[in-house]
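Novice: Mind looking at a prediction? Sequence and model below.
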Amino acid sequence: TKQIVLASRPKGSPTLDNFRLETVDVSELKNGEVLLEGMYYSVDPYMRGRMNDAKSYTPPFDIDQPIQGGVIAKVLGSKSDNLKTGDIVLGTLPWKEKCIASEKDLKKIDTSIAPASYYLGVLGMTGLTAYFGLMNICKPKSGETVIVSGAAGAVGVVVGQIAKIQGCRVIGIAGSDEKTQLLKTEFGFDETINYKTTKDMKKAIADLCPNGVDIYFDNVGGEISDAVIANINFNARIALCGQIALYNSTETPVGPRLQPMLLTRSVLMQGFIVSNFQDEFPQGIKHLAEWVKDGKIKFTETIENGFDQLPKALLGLFKGENTGKMIVKG
Ligand code: NDP
């Protein structure tokens, strides 16, 4: 079977040379195990961090070992009492076309509720990130002004729609006119800003938010965040979800010193990792599934075809090649 391993650690932006495609044998099934075939593979920005040899909340990927990530897979063979051939499961699995996994590391998913791939997106890790970051940290109130950066991505597009459900005015920042257009027409955002074509971001935000920004859901960091924070309101909440603009930096960029704004305006800024809310996941999934079923949350995916496309799809996240969740169909 094919597998993709980490060939070398990137310095700055990763390239296709940091990965290697190999062919290996699949081992024999033991009791409690299943043979899986990958259907949908998730590529996620946090994987960039795991390519470094640095201590973080998840360990680094090992050189010459398969990359691992969220995968939706089909059971091809089973020595498990709980999973049978044909079941569809979710797990953190190696980038292999076929692999053996223990039943205890897999969750069976219900594809009658939503398409299987949604369990990597709106009904999976990125949907839960949007839900808990917004609801538990930002605590939106009706009438408040919310800004979402990385708004047309997997997390951002869900954050904006949950904020709308909560009665907020929602402004999305994204990197193309196609994306900003879609945020308005398809996902109900009130206003949008294309950060790539806007010269003065601070002014653009000020123009759209005359009463200031009450909630900032930050997926990107860097200069976009500087411009949002320069417009932050009293008692605002900032959820530090992601800093994708900085993941490939080799030096720490220095921005304007805006901490006095946070201090004098009594702003709460909190970083989080979605697993902080693990105990509440069932509750989050329940809400998200209801909203999806009722059409209150729409979702979109960019699906690349073919297992071999995994490295290219991962690199594509850093070039804005996705709208909604970036997924590779095996
Ligand atoms: P996305 O689907 O949002 O994909 C990444 C997007 O980031 C791209 O489409 C691109 O959109 C944008 N982007 C890339 N480079 C830059 C840049 N230099 N400046 C501004 N925008 C950029 O990914 P996810 O929804 O999966 O993740 C969004 C963020 O949330 C990431 O930072 C991720 O690390 C974080 N995250 C955090 C979690 C947590 O537990 N805290 C869990 C999951 C995700 P555009 O065209 O707009 O530039």
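Specialist: Received the coordinates, thanks.
Novice: check which helix or strand covers the residue most central in space within the chain.
Specialist: Centrality entry for the chain: nearest residue to the mean C-alpha point is residue 126, 4.4 Å, by Cα atoms, centre = their mean. The secondary structure element spanning residue 126 is helix 125-132 (assigned by DSSP states H and E).
Novice: picking up where we left off before, any idea what sits nearest the residue nearest to the centre of the chain, other than its immediate chain neighbours?
Specialist: With Cβ to Cβ, 6 or more residues apart in numbering as the measure, residue 154 is the residue that lies nearest to residue 126, at 3.9 Å, once sequence neighbours are left out. Just so you know, the C-beta spots here come from the backbone N, C-alpha and C atoms, and that holds for glycine as well.
Novice: Could you pull up the residues touching the residue nearest to the centre of the chain?
Specialist: Listed by Cβ atoms under 8 Å, 6 or more residues apart in numbering, the contact partners of residue 126 are 44, 120, 154, 155, 158, 325.
Novice: same thing but 10 Å
Specialist: Going by Cβ atoms under 10 Å, 6 or more residues apart in numbering, residue 126 touches 42, 44-45, 70, 120, 153-159, 274, 299, 324-326.
Novice: which among those are in contact with the ligand?
Specialist: Checked against the ligand using Cβ under 6 Å from any ligand atom, the contacts of residue 126 give the following subset in range: 44, 45, 153, 154, 155, 156, 274, 326.
Novice: Can you read off the pLDDT for the closest residue to residue 68 other than its chain neighbours?
Specialist: The spatial neighbour of residue 68 that comes closest, neighbours along the chain excluded (Cβ to Cβ, 6+ apart), is residue 94 at 5.3 Å. pLDDT recorded at residue 94 is 98.
Novice: what does the one 10 residues further on give?
Specialist: According to the model's per-residue confidence, residue 104 sits at a pLDDT of 97.
Novice: Can you tell me, leaving aside adjacent residues, what's nearest to it?
Specialist: Across the structure, with Cβ to Cβ, 6+ apart as the measure, the residue nearest residue 104 apart from its sequence neighbours is residue 32 (7.3 Å).
Novice: Just the element for the residue of the stretch 201-330 of the chain found nearest the ligand, please.
Specialist: With distances taken as Cβ to the nearest ligand atom, the stretch 201-330 of the chain approaches the ligand most closely at residue 242, which sits 1.8 Å away. If you go by DSSP H and E, residue 242 is not part of any helix or strand.
Novice: doesn't residue 148 make contact with it?
Specialist: No - contact between residue 242 and residue 148 fails when scored by Cβ atoms under 10 Å: they sit 11.2 Å apart.
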